[in-house]
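J.: structure, please.
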Amino acid sequence: MLKNILCLSFAAFLTALSGLYSQVQANTMLGDIPAWLQKHVGTGEGQIAPVVLERARALHQRNMRQGKTRNACYLAMDATRPSTGSDGAPGRRFYVICEDRHSFRAVSSGYGNGRNLPRADFSNGRTCARHFSNAEGSKLTAGGAYLTAETRTSFKGFYTEAGKRVPFYRTFVVFEGEGDTRNARERAIGGHQATFLRWQCRFEQADSPYADKEGFVPYGQMVDYTSGRSNGCTTWSEEVSREIISLVEGNPTSLYIYPEGDDIDRVALAVGRGEPISQAGLYWNVQCLSEIGVPKFWPKQTLQPVINQWRRSLPKQTPGVLPICQ
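T.: Numbering: from 1, shown residues only. As a prediction, this is how the structure comes out:
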């Protein structure tokens, strides 16, 4: 009986110690963060985890000192958080922080959906991301340091709005990466509205600058996947997309995405040992870690040969032709 009581007391002591360590670690990370911003720091709904803010802020300040950006606002993302919040609304895991305005906004964002190939399954579920990579063609999110670059607006086709056929244009914010993310341009990684046009048919409009050589333009159905999965890019709702594009167009800023490859490897190692990650000084969203079990980072040098071999194995196909709209 006494042994059981002592064991329970020791377990409770460890739990309390873990909580105290996390709080001390968070307080240490906050450092010189202004009081108005500290109230947004935490692991709750609409908050930013200490390590994510610390790294995003450090990246922003470094880029400002080096003259890479003059934008007073900076961006961050926590890709360990779930797609849906506790209230059923899109999960808020992307952050827009403007310290000069005392402005902090947490919004939804997509993460990479990955692929399921014969030699490797690195696909992600709808709620939480388990797999991450910087390999081209992986369709996965790669954590690390980025800088927003130019914007590109492209025509995607026509759709129906208020009973009329109207063109849909989508603006893409190009990301420049460094370190493990330096191939961001090669991967066509950036940010855009979480909407695409599912083509259904084509109709004749020869006077359109987007008509093909036969005088036809594509028509389709608008699909909104806000807070869902993406092809590895960062995706936002229509409203947030407009806000962020206006913020960074012609005025580059920093973007930090968590977790990086080393973070993922360390968390995976701690989970494998049965060690609480907070005791190891690590961070992952509790809900998502419970769902995915062990996260995995696929380095480019490991995954790229698998993707390239799969691409070479695909049969050559003749591009399909859209039917004429009725």
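J.: buried residues in stretch 282-291?
T.: Buried residues in stretch 282-291, counted by 16 or more other C-beta atoms under 10 Å: 282-285, 287-289. From N, CA and C alone the C-beta is placed, and that goes for glycine too.
J.: wait, is Asn63 part of a strand?
T.: No - counting by DSSP: H, G, I helix; E, B strand; the rest coil, Asn63 falls outside a strand, being helix.
J.: so for it, what's the pLDDT?
T.: pLDDT, Asn63: 97.
J.: picking up where we left off before, make CSV out of the buried residues of stretch 282-291 and add pLDDT.
T.: Listed next are the buried residues of stretch 282-291 as CSV, based on pLDDT from 0 to 100:
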residue, pLDDT
Leu282, 97
Tyr283, 98
Trp284, 98
Asn285, 97
Gln287, 95
Cys288, 96
Leu289, 97
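J.: in TSV: the residues you listed, plus distance to Asp207 and secondary structure.
T.: Formatted as TSV, the buried residues of stretch 282-291 follow (distance: C-beta to C-beta, whole Å; DSSP: H, G, I helix; E, B strand; the rest coil):
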residue	distance to Asp207	secondary structure
Leu282	59	coil
Tyr283	56	coil
Trp284	54	coil
Asn285	51	coil
Gln287	53	helix
Cys288	50	helix
Leu289	55	helix
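J.: Thr151 contacts Phe172, doesn't it?
T.: Yes - the pair Thr151 / Phe172 is scored as a contact, 6.7 Å apart, by C-beta atoms under 8 Å.
J.: would you point out the most distant pair within the buried residues of stretch 282-291?
T.: Distance extremes for those: the farthest pair is Leu282 and Gln287 at 15.9 Å, using C-beta to C-beta.
J.: Glu45 and Ala79, how far apart?
T.: Separation of Glu45 from Ala79 (C-beta to C-beta, to the nearest Å) stands at 16 Å.
J.: of the two, who's got more company?
T.: Set Glu45 next to Ala79 and count neighbours by other C-beta atoms under 10 Å: Ala79 wins out with 25 against 13.
J.: and the more buried one, what pLDDT?
T.: The confidence metric pLDDT takes the value 96 at Ala79.
J.: isn't it right up against Leu140?
T.: No - judged on C-beta under 8 Å, Ala79 makes no contact with Leu140 at a distance of 9.8 Å.
J.: so what sits against both of those two?
T.: By C-beta atoms under 8 Å, 6 or more residues apart in numbering, Ala79 and Leu140 have these common neighbours: Phe132.
J.: and the host helix or strand of Ala56, what does it pack against?
T.: Assigned by DSSP states H and E, Ala56 falls within helix 50-65. For helix 50-65, the contact count by 3 or more C-beta pairs under 8 Å, 6 or more residues apart in numbering; DSSP states H and E identifies helix 2-30, strand 73-78, strand 92-98, strand 254-258 as packing neighbours.
J.: sort out which residues of the helix or strand following the shortest one are buried, please.
T.: What it means is strand 254-258. Next helix or strand after strand 254-258 toward the C-terminus (DSSP H and E): helix 261-273. By neighbour count on 16+ other C-beta under 10 Å, the buried set for helix 261-273 is 261, 263-264, 266-268, 270-271.
J.: what's the answer for stretch 111-129, then?
T.: For stretch 111-129, a neighbour-count test (16+ other C-beta under 10 Å) marks 111-115, 117, 120, 122-125, 127-129 as buried.
J.: could you check stretch 201-212 and say which residues are buried?
T.: For stretch 201-212, a neighbour-count test (16+ other C-beta under 10 Å) marks 202-203, 211 as buried.
J.: just the ones of those in strands?
T.: Counting by DSSP state E, the part of the buried residues of stretch 201-212 found in strands is 202-203.
J.: follow-up on the earlier one: could the buried residues of helix 261-273 go into a markdown table alongside distance to Ile324 and pLDDT?
T.: Formatted as a markdown table, the buried residues of helix 261-273 follow (distance: C-beta to C-beta, whole Å; pLDDT from 0 to 100):
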| residue | distance to Ile324 | pLDDT |
| --- | --- | --- |
| Gly261 | 49 | 97 |
| Asp263 | 52 | 98 |
| Ile264 | 49 | 98 |
| Arg266 | 56 | 97 |
| Val267 | 53 | 98 |
| Ala268 | 52 | 97 |
| Ala270 | 58 | 96 |
| Val271 | 55 | 96 |
